[in-house]
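>>> Would you be able to build a 3D model of this:
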Amino acid sequence: MRFDNRSGSGSGRSGGSGGFRSTGPREMHKAICSDCKQETEVPFVPAGDRPVYCRECYQKHRPARY
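As a prediction, this is how the structure comes out:
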């Protein structure tokens, strides 16, 4: 049995957007930076079991890109 998705239905993506949503501005959530303890806003709901960094501190903890 072969499944063929050429018809465009069931592909899960719409319009070839590359997986990004374009529904307007992101909903931001308040959090406290794990390093500098300043209040910041992040585009995800902080889980509490992982550190959250402000923009400046994130640059120090960001994985190196090759």
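>>> Give me the residue ranges of this protein where confidence is low.
Applying pLDDT under 70 to the chain flags the ranges 1-22.
>>> which residues of it fall in helices?
Along the chain, the stretches classed as helices by DSSP state H are 55-61.
>>> quick one: the strands in it?
29-32, 39-42 (DSSP state E).
>>> And the first one, what's buried?
Judged by neighbour count (16 or more other C-beta atoms under 10 Å), strand 29-32 contains these buried residues: residue 31. Quick note: C-beta positions are derived from backbone N, CA and C, even for glycine.
>>> do stretch 50-64 as well
So for stretch 50-64, counting by 16+ other C-beta under 10 Å, buried means 52-54, 57.
>>> between the strands of the chain, which gets nearest to residue 48?
strand 29-32 (9.7 Å; C-beta to C-beta).
>>> For that closest one, name the packing helices and strands.
For strand 29-32, the elements it packs on are strand 39-42, judged by 3 or more C-beta pairs under 8 Å, 6 or more residues apart in numbering; DSSP states H and E.
>>> CA atoms only for the strand it packs on, dumped as CSV, please.
Coordinates of each C-alpha in strand 39-42 appear next as CSV, following Å, rounded to 0.1, in the frame of the first residue of the first chain:
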residue,chain,number,x,y,z
GLU,A,39,12.4,40.5,35.1
THR,A,40,12.1,39.6,31.4
GLU,A,41,9.6,38.5,28.9
VAL,A,42,9.9,35.3,26.9
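>>> Partner strands of that strand and their direction?
strand 29-32 (antiparallel) (DSSP bridges).
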